[in-house]
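Colleague: With the input below, show me the fold.
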Amino acid sequence: MAGNISVLNLLENFLQRKKFTEFDFVKFEITPYRSDKAFYMESCINRCTRWLIDDIKNNRSAGNVKNTIIRGYRQFNRNDYTQEERRLIGSYLDDLSNFLNADIGFMYYYFTLDLFNAIWLSIVYIFVAPRKLVMDRFINTCTKCGSQLSTYTFQKVPDDSEKLYSIIKCLICGEYNLIEIVSGLKEMRYIWYEIEEQYSKQDFTLEQVNQRLEQIKNFR
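Modeller: The predicted model follows:
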């Protein structure tokens, strides 16, 4: 019961959050910003969120929850959107799946990439997924190919853990990305990426690390 209340709080907060903003469009390199398209995308994501809230309130099974998220994807005709737009849509639906611990990796990859990559990545994931109990999972999205770059921890992350600016390389497309990774944990696993360089927030600003990221992109 307590778990359901926690998930409901996440979903209710997510429902109230402004989505598909101009900042989102810039972040995912979508131009120009179209308010009509953004409004439609947000309406579909919010509709899916309401469906999930109804699932949780009625104690529906994990299978039903998974089908609801897939139904959320099917509101969008993937041929009507660019890959960048599909990645943005997928990022919000992926948030919903993470709230509910629903494994919809195949649908995510099919929607944001294509059928071939969805099949290939789903098969490979079987061999790279962690076998231990995962205590925390952090998801980032590659800025180029849209792949989920996951960080698994096998111990609970303390609230006061330091996060490092981390320049990473996507193992799917080779793109360099900047994310934040918690430090000081003995057992961690990186899925679909490798760490290139890390910088302390106490010693480096975000602007400095972004400049270093651009140098790496241009000269490696």
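
Colleague: And the strands in the protein?
Modeller: The residue ranges that make up the strands of the chain, judged by DSSP state E, are 136-141, 148-153, 163-170, 176-182, 188-191, 193-199.

Colleague: From Tyr176, how far out is Phe219?
Modeller: With distances taken as C-beta to C-beta, to the nearest Å, Phe219 is found 11 Å from Tyr176. Bear in mind the C-beta positions are built from the backbone N, C-alpha and C, glycine included.

Colleague: Mind checking which of those two has more residues around it?
Modeller: Taking other C-beta atoms under 10 Å, Phe219 and Tyr176 do not tie; Tyr176 has more neighbours (22 against 6).

Colleague: And the pLDDT for the more buried one?
Modeller: Tyr176 is assigned a predicted lDDT (pLDDT) of 93.

Colleague: For it, name its beta-bridge partners.
Modeller: Here Tyr176 sits in beta bridges with Lys169, as judged by DSSP bridges.

Colleague: residues contacting it?
Modeller: By C-beta atoms under 8 Å, 6 or more residues apart in numbering, the contact list for Tyr176 reads 167-170, 196, 213, 216-217, 220.

Colleague: Please indicate which of those are buried?
Modeller: Members of these that pass the buried threshold by neighbour count (16 or more other C-beta atoms under 10 Å) are listed as 167-170, 213.

Colleague: farthest pair in the residues you listed?
Modeller: Based on C-beta to C-beta, the longest span within the buried ones among the contacts of Tyr176 runs between Cys170 and Leu213 and measures 12.9 Å.

Colleague: hmm, back to that, pipe the strands of the chain into JSON lines and attach distance to Arg17 per row.
Modeller: Conversion of the strands of the chain to JSON lines gives the following (distance: least, C-beta to C-beta, whole Å):
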{"stretch": "strand 136-141", "distance to Arg17": "17"}
{"stretch": "strand 148-153", "distance to Arg17": "20"}
{"stretch": "strand 163-170", "distance to Arg17": "22"}
{"stretch": "strand 176-182", "distance to Arg17": "20"}
{"stretch": "strand 188-191", "distance to Arg17": "26"}
{"stretch": "strand 193-199", "distance to Arg17": "26"}
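
Colleague: Kindly indicate which of the contacts of Tyr176 lies nearest Cys145.
Modeller: The shortest distance between Cys145 and any of the contacts of Tyr176, using C-beta to C-beta, involves Cys170 and amounts to 6.5 Å.
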